[in-house]
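Student: Sequence first, then the predicted structure:
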Amino acid sequence: MTAPLLVLDLDGTLLDTAPDLLGALNAVLAEERLPTVDRSALTTNFGQGARSLIVEGFRRAGAALAVERIDDLVARFIEIYAGRLASETVPFPGAVQALDRLQARGIRLAVCTNKRVHLAVPLLASLGLAHRFAAILGGDSLPVRKPHPDHLIGTVEAAGGLVGASVMVGDSDADIAAAKGAGIPVIGVSFGYTPEPIGALGPDAVIDHFDAIDEALAAISPAFADALA
């Protein structure tokens, strides 16, 4: 019998990557001789990618941003960010302990993130987590990315799992939409980077802390209920 598979989003779900994303953005802004920004000003942008962060950083500085410069600024952001992937990034409270509990019950793990795979894998490796996952797919691993369901389905397949025995965990509308499109139950986390309450997006369950994930999994998936019984 194929083991249940838990597929996790990365930024805003498994890891609080905001400090290092903010550090990279502020380095770009400083190079442009613009004022830096603090985390509270960008709470909902951290899960939207480098382009969103740069556009918002310029907007808050009241500076004009020529469209033809954005690609170069994104490339510079990625260059800086790649050099500080895990300087301040940490797993969310209870996340590692939850992975320990679930793996002890024979549940397999995978990551499906829109982060570029050449950033996602080294980041997880730097935190000593990469070896836990049967598959790690980034936003550039397939021709499509979340919210397209094939990104999630492709992750399940790469991990050797079954759609009918998988659950997604995420913090954004892209995560919820990908899971619903794939026919996979989805848990939303309330501590992520979404600009609206995660419950409003219609996940099958919402958790406020990873301590609650076991109960949520058992409630929404028979495969997980059996494994966690």
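Tutor: In hand now; what should we look at?
Student: Pull out the buried positions in whichever helix in the chain runs longest.
Tutor: Ranked by residue count and defined by DSSP state H, the top helix of the chain is helix 67-82. Across helix 67-82, burial judged by 16 or more other CB atoms under 10 Å covers 73, 74, 76, 77, 80, 81. Every residue, glycine included, has its C-beta placed from N, CA and C.
Student: what's in contact with that helix?
Tutor: 20-21, 23-25, 27-28, 31-32, 50-51, 53-55, 65, 116, 118-119, 122 (CB atoms under 8 Å, 6 or more residues apart in numbering).
Student: follow-up on the earlier one: want to try TSV for the buried residues of helix 67-82, with pLDDT and distance to residue 164 as columns?
Tutor: As requested, these are exported to TSV (pLDDT from 0 to 100; distance: CB to CB, whole Å):
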residue	pLDDT	distance to residue 164
73	94	43
74	93	38
76	96	44
77	94	39
80	96	42
81	95	37
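Student: so which pair among those residues is furthest apart in space?
Tutor: 73 and 81 (12.2 Å; CB to CB).
Student: coming back round to it: would you mind listing which of the contacts of helix 67-82 are buried?
Tutor: 20-21, 23-25, 27-28, 32, 50, 53-55, 65, 116, 119.
Student: These in helices, which ones?
Tutor: Among the buried ones among the contacts of helix 67-82, DSSP H puts 20, 21, 23, 24, 25, 27, 28, 50, 53, 54, 55, 119 in helices.
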